[in-house]
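Engineer: sequence first, then the predicted structure, then my questions.
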Amino acid sequence: MPSRSEVSYFGAGPAPLPTEVLESASSALLNYKNLGIGITEMSHRSPEANAILADAKQAMIHLLDIPESYEILFLQGGGSGEFSAVVYHMVSIWVERARQLLDAKRGEDMTEEEKIAELKQHVNEHMRLDYLVTGSWSLKASQEAARLVGADKVHVVTDARKHNNGNFGMIPSPQTWDLNAKNTTQTHTQQQTPALTYFCDNETVDGVELATFPAELSADDANDRLVVADMSSNFLSRRIDIKKYAIIFGGAQKNVGIPGVTIVIIRKSLLSPHAPSASPDLLRALNLPIGPIVLDFSTMAKNDSLYNTLPIFDVWIAAQVMQRLVRIHGDKKIGGQEEVANEKARLIYRMLDQYEDVYSVVPDKAARSRMNICLRIRGGDADAEKRFIAGAEKLGLLGLKGHRSVGGIRVSNYNAVPVEAVQKLVKYVGDFAKQCDIRRSEDVNA
């Protein structure tokens with residue numbers, strides 16, 4: 001049975017955690033701060049739980065320089081739950097703004113039924129949700145939006161498969177994006193902005209990552225383009241300009257903690273009372289979905305993420321992980337971790353590129369992820385890939401199998417993967433390539 005120090009884990013999620021955090025967790029589970037009970041047993045409304053929430057928020061604010069104009073929420077449901085939550089929230093805000101706009105234009109002699117009919121027409125003709133589809137997760141997000149509000153209201157700004165022979169693995173040039181789609185019927189003079197513009201910052205399955213915030217999505221007015229980003233798999237791995245985003249969300253189980261808690265960073269101006277939402281009755285009259293209360297951002301913000309029972313242990317783990325980053329990187333903040341992540345990715349890609357006759361990196365070079373390195377061996381030779389995984393496991397290099405939907409090899413380079421583990425993997429990558437060359441030479445000479 002190998003010890004923890006003998007294993008290097010490169011799984012795509014749940015991801016490894018720092019050993020010191022797990023050691024602290026083992027004590028907290030038995031007797032948290034000498035209370036005589038474990039952390040999973042104490043009330044989520046206790047002073048201790050509130051302190052954990054405050055610590056987690058403060059560490060995140062420090063690392064990412066989150067402005068006071070943003071709220072941090074800890075929710076449940078994972079990134080997939082947020083696919084739905086952002087649609088519920090942003091559609092409701094869009095509809096209420098449209099209602100107020102129409103009310104200001106029309107006369108007072110219209111009946112309530114006529115007002116609803118006019119608003120319904122306006123929604124059908126003008127409301128849209130923009131999605132950049134660059135991989136498996138952004139595709140799922142767009143499909144969930146279409147399920148909730150109808151495919152006719154979901155506008156795909158770009159679909160990478162249409163530019164890459166039906167496969168994901170690149171980010172199309174922004175010059176090809178359709179960001180100014182207009183509905184075929186225009187009965188109102190003012191063209192409405194989209195309810196949201198969504199992208200997935202890092203595609204875990206396909207190994208694709210946006211190099212930076214797309215300049216094409218920038219807007220002078222914060223309400224002109226409300227950008228929603230899924231950062232589940234590269235959160236806390238690089239500096240980001242929070243002010244460019246309306247909402248950032250991500251499951252904690254990659255770089256922040258363990259499954260069970262989802263982080264949402266949302267502009268306060270999008271929460272009530274600053275941004276009124278359409279009433280449930282109005283949404284029903286318009287045949288639009290009404291989200292469950294536990295996915296309602298305003299309700300959760302009003303209750304400091306404690307509307308229902310929050311898994312405080314999961315938040316505590318996240319706080320421990322983030323406080324550790326604060327201690328390690330000091331004034332560099334998350335920029336320090338960005339340097340580490342970039343260097344680890346550079347080591348891996350450099351070795352893979354050195355043996356291009358053996359390894360083929362799946363994504364286009366300009367879109368390569370620093371977090372999830374996806375590759376094939378000998379163009380997808382199943383036997384060679386099985387040998388690679390088997391040989392790696394003998395050395396304690398685990399979690400390298402690609403996602404079941406695409407196969408191949410995937411190296412997940414999350415924050416808790418130490419440089420030493422990457423160096424060990426890189427050596428194996430080189431050794432395996434040399435073995436492949438020897439085998440091929442023997443086959444040729446046979």
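Structural biologist: Right, received. Where do you want to start?

Engineer: what's the burial count for Asp427?
Structural biologist: Let me fix one detail, which is that residue 427 is Lys and not Asp. 12 (other Cβ atoms under 10 Å). To be clear about C-beta, it is placed using only N, CA and C from the backbone, and glycine gets the same treatment.

Engineer: host element of it?
Structural biologist: Using DSSP states H and E, the element containing Lys427 is helix 419-445.

Engineer: number of nearby residues for the nearest residue to Asn164 once chain neighbours are set aside?
Structural biologist: Residue nearest to Asn164 in three dimensions, not counting chain neighbours: Met170, with 5.0 Å by Cβ to Cβ, 6 or more residues apart in numbering. As a burial measure, the neighbour count of Met170 was computed by other Cβ under 10 Å and equals 21.

Engineer: and if you look at Leu35?
Structural biologist: Applying the criterion other Cβ under 10 Å, we find 12 residues in the vicinity of Leu35.

Engineer: and the nearest residue to it once chain neighbours are set aside, what is it in contact with?
Structural biologist: In space, and not counting its chain neighbours, Leu35 is closest to Met42: 6.8 Å by Cβ to Cβ, 6+ apart. Residues in contact with Met42 (Cβ atoms under 8 Å, 6 or more residues apart in numbering) are 32, 35, 48-49, 312.

Engineer: could you turn the buried ones of the residues you listed into a ChimeraX selection?
Structural biologist: Command for ChimeraX that selects the buried part of the contacts of Met42, burial taken from 16 or more other Cβ atoms under 10 Å:
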select :32,48,49,312
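
Engineer: wait, which of the contacts of Met42 is closest to Gln175?
Structural biologist: Each of the contacts of Met42 was checked against Gln175 using Cβ to Cβ; the closest is Ile312, at 47.7 Å.

Engineer: and the spatially closest residue to Tyr245 that is not a sequence neighbour, its phi and psi?
Structural biologist: Distance criterion Cβ to Cβ, 6+ apart; nearest residue to Tyr245, sequence neighbours excluded, is Val227 at 5.2 Å. Main-chain torsions, Val227, degrees, to the nearest 10: phi -90, psi 130.

Engineer: show me where the stretch 101-250 of the chain has its strands.
Structural biologist: Secondary structure of the stretch 101-250 of the chain, counting by DSSP state E, counting those that start in this stretch: strands at 129-133, 154-159, 196-200, 202-203, 208-209, 227-230, 247-251.

Engineer: most packed of the ones you listed?
Structural biologist: Burial among those, expressed as mean neighbours by mean count of other Cβ atoms under 10 Å, is greatest for strand 202-203, which shows a mean of 29.

Engineer: could you list the low-pLDDT ranges of the stretch 201-350 of the chain?
Structural biologist: Along the stretch 201-350 of the chain, segments meeting pLDDT under 70 span 222.

Engineer: how about a cut-off of 80?
Structural biologist: Residues of the stretch 201-350 of the chain that meet the criterion pLDDT under 80 lie in 220-223.

Engineer: and the helices in the stretch 201-350 of the chain?
Structural biologist: With DSSP state H, counting those that start in this stretch as the criterion, the stretch 201-350 of the chain has helices at 280-285, 297-302, 312-329, 334-354.

Engineer: quick check: Phe74 is in a strand.
Structural biologist: Yes - following the definition DSSP: H, G, I helix; E, B strand; the rest coil, Phe74 is counted among the residues of a strand.

Engineer: for it, give the beta-bridge partners.
Structural biologist: Ile263 (DSSP bridges).

Engineer: show me what contacts the closest residue to Leu226 other than its chain neighbours?
Structural biologist: On the basis of Cβ to Cβ, 6+ apart, the spatially nearest residue to Leu226 that is not a chain neighbour turns out to be Ala246, at 3.9 Å. Listed by Cβ under 8 Å, 6+ apart, the contact set of Ala246 reads 90, 196, 222, 226-228, 266-267, 270.

Engineer: how about the contacts of Met42 in TSV, adding distance to Gly407 and secondary structure?
Structural biologist: Listed next are the contacts of Met42 as TSV, based on distance: Cβ to Cβ, whole Å; DSSP: H, G, I helix; E, B strand; the rest coil:
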residue	distance to Gly407	secondary structure
Tyr32	43	helix
Leu35	48	coil
Glu48	46	helix
Ala49	43	helix
Ile312	39	helix
